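# how would this look folded up:
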Amino acid sequence: MRFTAYLLPILVSIVTLIVIVSSIFIVDERERALVLRFGRVVNTVETPGLAFKVPLIDSVARYDNRILSRDIDPLEVTPLDERRLVIDAFARYRISDVKQLRLATGVSGDRAIQKAGDLLDSSLRSHTLKIVGKVTSNDILSSDRAALMLRIRNVAYDDAQKIGLELIDVRLKRTDLPTENLDATFARMRAEREREATDERARGSEAAQRVRAQADRTVVELTSEARREAEIIRGEADSERNAIFARAFGADPEFFEFYRSLKAYQRALRGENSSMVLSPDSEFFNYLKSPTGKRPEHASAIVPLSSSAVHTQEATAFTAPLETLDATVAASEAQEEVETRVNNDATVRASDWSQQS
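Next up, the predicted model:
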């Protein structure tokens, strides 16, 4: 009796404790909960902390309260320009009404979220096909795609609300061509690029030919102009030289004839062993045979000569006017200077034009 009297209160206390513990449950800040009684919703717990239920009768269904992501299966679409595209998209959403989610899916927990994701996926695919079919592929691939994604989100928002979801955002991750169209598209792109490259090369070759033709024309013009100026300068120099020679010849004709003969000797008698065979009446060596530097009246028949003999004969007494000699030398030097200046000027002009080309 005494043992029974002590055991009964202990059993009652244990049962009471079990009942109290089983009637209490904790809701995490990342969750929402539904209290179900025989499958019917009797309470919705949306705030974190302690909550109560009827033990052994009620059950608790927990749902994730965080933002969830849903990848949409790749979808093949045909825009207005009939250029087939494969779109890969995803959606971001969260559970806004757990009771509505329970009613729409008929299940609880993760199975409800999976089923709600399938319903949302179906809605997004349908609205994406409708909206993308009203725009061109350029709109999808350009910066206007942000507005396009917003339109898809706004249209699918009401469908998401019907199953207790809040659709936050819809994004197009990738937009590709179908596999069977890639090879043809790449071949067409290569053909277009090759055609553009051929056109660029043709235009470049044409421009190069124009530049070369203009350069050749300018070279010919500059060369002709330089040659013309050179001929003019050379003619003026020849005229000046002839005028100097004419003045020298007019001042002393005999000295002029003597100077020309010396030049002829210098050009004809070269080397150390030079000999010439002339007719007896030749006047070529008249000045060499004259002891006074004057022209003799008769010449010998055959005159063998050497360079030493020539220099000996040139050393004979001869008195020439200094003014006439200076004038003749000046004429020769002026001619050489003019020719050198003309050649240098032509060379400089040709070099400048080569650098400019």
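
# which parts of stretch 32-39 are buried?
32-36 (16 or more other CB atoms under 10 Å). Glycine gets a C-beta too; all of them are placed from N, C-alpha and C.

# from those, which single one is nearest residue 120?
Proximity of the buried residues of stretch 32-39 to residue 120 (CB to CB) peaks at residue 32, which lies at 17.8 Å.

# now for residue 48: which residues touch it?
27-29, 31 (CB atoms under 8 Å, 6 or more residues apart in numbering).

# distance of residue 205 relative to residue 166?
For residue 205, the distance to residue 166 equals 64 Å [CB to CB, to the nearest Å].

# those two: which is more packed in?
Using other CB atoms under 10 Å, the more surrounded residue of residue 205 and residue 166 is residue 166, with 14 against 10.

# pretty sure that one is in a helix, no?
No. Assignment of residue 166 by DSSP: H, G, I helix; E, B strand; the rest coil gives strand, placing it outside any helix.

# which non-adjacent residue is nearest it?
Leaving aside its chain neighbours, residue 166 sits nearest to residue 96 (4.0 Å; criterion: CB to CB, 6 or more residues apart in numbering).

# where does the protein have low pLDDT?
Scanning the chain for pLDDT under 70 picks out 1-6, 271-274, 280, 285, 287-357.

# let's see which of the contacts of residue 48 end up in helices.
With helices defined by DSSP state H, no entry of the contacts of residue 48 lies inside them.

# so how far is stretch 147-164 from its chain's centroid?
On the basis of CA atoms, centre = their mean, to the nearest Å, stretch 147-164 is displaced by 45 Å from the centre of the chain it belongs to.

# same question for stretch 249-264.
The chain centre lies 75 Å from the centre of stretch 249-264; the measure is CA atoms, centre = their mean.

# ditto for stretch 183-197
In terms of CA atoms, centre = their mean, the centre of stretch 183-197 is found 19 Å from the chain centre.

# CA atoms of it as CSV?
Below are the C-alpha coordinates for stretch 183-197, written out as CSV (Å, rounded to 0.1, in the frame of the first residue of the first chain):
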residue,chain,number,x,y,z
ASP,A,183,27.8,24.7,-87.1
ALA,A,184,25.8,26.4,-89.7
THR,A,185,25.9,29.7,-87.8
PHE,A,186,29.6,29.5,-87.3
ALA,A,187,30.1,28.7,-91.0
ARG,A,188,28.0,31.7,-92.0
MET,A,189,30.0,33.9,-89.5
ARG,A,190,33.3,32.7,-90.9
ALA,A,191,32.1,33.4,-94.5
GLU,A,192,31.0,36.9,-93.6
ARG,A,193,34.3,37.7,-91.8
GLU,A,194,36.3,36.3,-94.8
ARG,A,195,34.2,38.5,-97.2
GLU,A,196,34.9,41.5,-95.0
ALA,A,197,38.6,40.7,-94.8
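
# mind listing residues that contact it?
residue 177.

# can you pull the buried residues of that stretch?
For stretch 183-197, the neighbour count (16+ other CB under 10 Å) marks no residue as buried.

# now do the helices in the stretch 101-250 of the chain.
Using DSSP state H, counting those that start in this stretch, the helices of the stretch 101-250 of the chain run over 109-132, 137-141, 145-162, 179-251.

# how many other residues sit next to residue 206?
Residues within reach of residue 206, counting by other CB under 10 Å, total 10.

# coming back round to it: out of the buried residues of stretch 32-39, the closest to residue 281 would be?
For these, the closest approach to residue 281 (CB to CB) belongs to residue 32, at 144.9 Å.

# hang on, isn't that closest one packed against residue 65?
Yes. Counting by CB atoms under 8 Å, residue 32 touches residue 65, with 5.0 Å between them.

# joint contacts of these two?
residue 95.

# picking that back up, now the buried members of the contacts of residue 48.
27, 31.

# can I get the contacts of residue 48 in JSON lines with distance to residue 264?
Output for the contacts of residue 48, formatted as JSON lines (distance: CB to CB, whole Å):
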{"residue": "27", "distance to residue 264": "133"}
{"residue": "28", "distance to residue 264": "129"}
{"residue": "29", "distance to residue 264": "127"}
{"residue": "31", "distance to residue 264": "129"}
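
# looking at the contacts of residue 48, which are in strands?
27, 31 (DSSP state E).

# nearest to residue 260, of the contacts of residue 48?
Distance to residue 260, by CB to CB, is smallest for residue 29 among the contacts of residue 48, at 127.0 Å.

# relative to residue 64, how far out is the closest one?
Noted for residue 29: a distance of 12 Å to residue 64, by CB to CB.

# what does residue 250 give?
For residue 250, the distance to residue 64 - CB to CB - is 128 Å.

# try residue 140
Residue 140 sits 32 Å away from residue 64, going by CB to CB.

# compare those two (neighbour count), which wins?
Between residue 140 and residue 64, counted using other CB under 10 Å, residue 140 has the larger neighbour count: 19 against 15.

# how about the buried residues of stretch 32-39 in CSV, adding distance to residue 117?
Output for these, formatted as CSV (distance: CB to CB, whole Å):
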residue, distance to residue 117
32, 17
33, 20
34, 18
35, 24
36, 22
